[in-house]
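1. mind looking at a prediction? Sequence and model below.
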Amino acid sequence: MQINWRVLDFEEINNFHLYQLLKLRSKVFVVEQNCIYQDLDDKDQRAKHIIGILDNQIIACSRILFEENIYVIGRIIVEKKYRRKKIGEIIVNKSIRYILNISKKNKIKISAQERLKEFYSKLGFIRKGKNYMEDGILHQAMYYEELNNSVNDEKN
């Protein structure tokens, strides 16, 4: 499986792929997770988007924002039929590597769903603070600090 990985500004995403990106996020975050929330939050326009394309279809994506003096990785998603194939690890590692390559800041935050805390812990994220509800799903703040971790980005 040869996935074409791209890092794009919002303006660089063509209409075809933008539609796929929003469709995938709606499919997973709204329908699959049964969570009614406003995905179109006016942050995509100022984010970097990490996109994985296979056979001209977006199968994975994340977005990176710089907010309140920290990088935030969010909207991390893998199409259901491609899960459990390490693509989630690849996209998170690509997101981390992108941030570390463009910035001297080495602190990265994610708002992780409680059920995924072990997944993110294995990738070097550390939980800080109490659990909280976000869009009806239990979450926790997790942070990655390069000094304590090394990104696994082999052949990805």
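-> Here it is on my side, so go on.

2. pLDDT score for Tyr95?
-> I think there's a mix-up here, since residue 95 is Ser and not Tyr. Predicted confidence (pLDDT) for Ser95: 97.

3. confirm for me that it is in contact with Ile73.
-> Yes: counting by C-beta atoms under 8 Å, Ser95 touches Ile73, with 4.7 Å between them. Heads up, the C-betas are built off the backbone N, CA and C, glycines and all.

4. overlap in contacts, these two.
-> Residues touching both Ser95 and Ile73 by C-beta atoms under 8 Å, 6 or more residues apart in numbering: 62, 64.

5. mind checking pLDDT for Glu12?
-> 97.

6. in the protein, where is pLDDT below threshold?
-> Counting by pLDDT under 70, the ranges of the chain that qualify are 146-156.

7. for the protein, longest strand please?
-> For the chain, the strand with the greatest residue count under DSSP state E is strand 57-67.

8. mind listing residues that contact it?
-> 3, 17, 20-21, 24-25, 43-44, 46-53, 71-79, 82, 87-88, 90-92, 94-95, 98-99.

9. narrow those residues to those that are buried.
-> Among these, the ones that count as buried by 16 or more other C-beta atoms under 10 Å are 3, 17, 20-21, 24-25, 44, 47-53, 71-79, 82, 87-88, 90-92, 94-95, 98-99.
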